[in-house]
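Participant: Sequence first, then the predicted structure:
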Amino acid sequence: MAETKVKAAPKASNSTKKSSAPKAAPKGKAAATVKQPDPVLPATNAEAKAATGAPKATTPTKLEFPKETYLTWYEQMQLMRKFEEKAGQLYGQQKIKGFCHLYIGQEACVAGAVSALTKDDKWITAYRDHAHPLALGTSPNAIMAELFAKATGCSKGKGGSMHIFDKDVNFIGGHGIVGAQVPMGAGIGFAEKYNKTGNLCIAYMGDGAVRQGALHEAFNMAMLWKLPVIFVVENNGYAMGTSVQRTSNVTELYHIGRGYDMPSEPVNAMNVEDVHNAVARAAERARAGEGPTFLEFKTYRYKGHSMSDPAKYRTKEELEDYRSRDSIEAVRHTILTHKLATEEDLTAIDEKIKAQVQESVEFAENSPYPTADELFKDVYVQQDYPYIRD
């Protein structure tokens, strides 16, 4: 195999040789896992220089998935990356206002999960929420228009960056209250179980959200009622601007789930194959009636917490170290190394995505703002509900 520019790493312990999920853990037992390397998320520069063993994106010597899967991952992640880069640029031009939290660096967390689930499963997340609907199939036009607060946005211009919804792709939204989506995800899972749909809910949260009391209440009920939910903490190391080491006594966050006998494991989320395999295992368990799983996606964001965050709490060396493990570059290298496509093929995908993103900007700029009467719409399900204007 050709030498890769992406730093190599030992094969993550939660990967499998086939794309199908292995047998679920016994009922009521936590999934047995081999301790994986933890990410370099130091509290000090000295620790940054001394730390080793972080998860790294890898190029497998033997393919685990079909050609189509790798090409889909590449296209999905590139769309997320280029869309977010453009959003950041437009925010700097003040065309996008308010809050804006970019997903750059974390793309594998979504791409690997989408390929492991079905189109009928439900998704819910926090306010770093542009990438999820993009991967699920929401039009970039509708998402960009929402960032512009235009009427053609997927939330009719009323939600903005932090509150994107798309019922058509079962994306139950981004949520601005830290941790609020965790019990809501449990509730969605309850509804799926009650209605016997066979579907599940995957609920994403940031590492800061695990300190919310609502998480513990939701975990307890989800295990008690064996709800079909996959809880995912995207541990990018910094809850806003403070490292996990400075805010939590439990720094290996997946251990929190084990306090409820919930199968829990760490996942190298810089590696899209590992994400897929972990989510596939959790999904099989949920559909078998065995209840929820808690996955700690160990990942990294290249930008600050939001566009207003200069990210001075970390070093340039730390950032560049993580960039060297970029999950998109790892998939690209896998595709080229195993001759799944040519450089020209990938360039064509890149050009297609560039055109999509540019089209979304033009669509947003040319779309109208909501009219004043929209303020009184979508407040209640009942269309003629009284007292709204009182």
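Facilitator: Nice, thanks for sending it over. Just so it is clear, the structure is predicted and the values come from calculations on it, not from any experiment. Residues are numbered from 1 along each chain as shown.
Participant: Show me what the helix or strand that contains A280 is packed against.
Facilitator: Taking DSSP states H and E as the criterion, A280 maps to helix 272-287. Helices and strands touching helix 272-287, by 3 or more C-beta pairs under 8 Å, 6 or more residues apart in numbering; DSSP states H and E, are helix 107-116, strand 229-235, strand 264-268, strand 293-298, helix 327-337. Where you see a C-beta, it was placed from the backbone N, CA and C, and this is true even at glycine.
Participant: Against D261, how distant is N235?
Facilitator: As judged by C-beta to C-beta, to the nearest Å, N235 and D261 stand 21 Å apart.
Participant: what do you get for I124?
Facilitator: 23 Å.
Participant: I'd like to know which helix or strand in the protein has the lowest mean pLDDT.
Facilitator: Using mean pLDDT, DSSP states H and E, helix 45-50 stands out as the lowest-scoring helix or strand of the chain, at a mean of 35.
Participant: What is the helix or strand that that helix is followed by packed up against?
Facilitator: Next along the chain after helix 45-50, taking DSSP H and E as the criterion, comes helix 67-92. Under the contact definition 3+ C-beta pairs under 8 Å, 6+ apart, helix 67-92 sits against helix 107-116, helix 131-136, helix 140-147, helix 327-337, helix 343-366.
Participant: Now the shortest one: buried residues?
Facilitator: The one in question is helix 131-136. 131-136 (16 or more other C-beta atoms under 10 Å).
Participant: rewinding a little: have a look at I124 and D261 and say which one is more surrounded.
Facilitator: Neighbour count, other C-beta atoms under 10 Å: between I124 and D261, I124 has more, with 28 against 14.
Participant: just checking, that one touches N170?
Facilitator: No - applying C-beta atoms under 8 Å as the test, I124 and N170 come out as separate, 9.6 Å apart.
Participant: low pLDDT regions in this structure?
Facilitator: Low-confidence segments of the chain (pLDDT under 70): 1-59, 304, 390.
Participant: Let's see that with 90 instead.
Facilitator: Counting by pLDDT under 90, the chain has low-confidence residues at 1-64, 91, 100-101, 176-177, 208-209, 211, 236-251, 300-325, 373, 375-390.
Participant: ok, back up a step: how about TSV for the buried residues of helix 131-136, with distance to D166 added?
Facilitator: TSV is the format used below for the buried residues of helix 131-136 (distance: C-beta to C-beta, whole Å):
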residue	distance to D166
A131	13
H132	9
P133	5
L134	10
A135	12
L136	7
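Participant: Closest one of the residues you listed to Q106?
Facilitator: When the buried residues of helix 131-136 are ranked by distance to Q106 (C-beta to C-beta), A131 comes first, at 7.3 Å.
Participant: Contact partners for the closest one?
Facilitator: 80, 83-84, 103, 106-107, 110 (C-beta atoms under 8 Å, 6 or more residues apart in numbering).
Participant: Closest one to K158 out of those, please.
Facilitator: Nearest member of these to K158, counting by C-beta to C-beta, is F83, at 20.6 Å.
Participant: Pretty sure the closest one sits against V361.
Facilitator: No - taking contacts as C-beta under 8 Å, F83 lies outside contact range of V361: 9.8 Å.
Participant: Neighbour count: these two, which is higher?
Facilitator: Taking other C-beta under 10 Å, F83 and V361 do not tie; F83 has more neighbours (25 against 21).
Participant: tell me the contacts of K354?
Facilitator: K354 touches K82, counting by C-beta under 8 Å, 6+ apart.
Participant: Go again with 6 Å.
Facilitator: Residues in contact with K354 (C-beta atoms under 6 Å, 6 or more residues apart in numbering): none are found.
Participant: Same question for L375.
Facilitator: No contacts exist for L375 under C-beta under 6 Å, 6+ apart.
Participant: All further residue positions should be reported with the first residue as 130.
Facilitator: With the count now opening at 130, the last piece we talked about shows up as L504.
Participant: re earlier: from the contacts of A260, which two are the most distant?
Facilitator: F212 and Q235 (13.2 Å).
Participant: Just the buried residues of stretch 425-441, please?
Facilitator: Quick answer for stretch 425-441 (16+ other C-beta under 10 Å): 425-436.
Participant: Q310 versus E447, what's the distance?
Facilitator: 28 Å.
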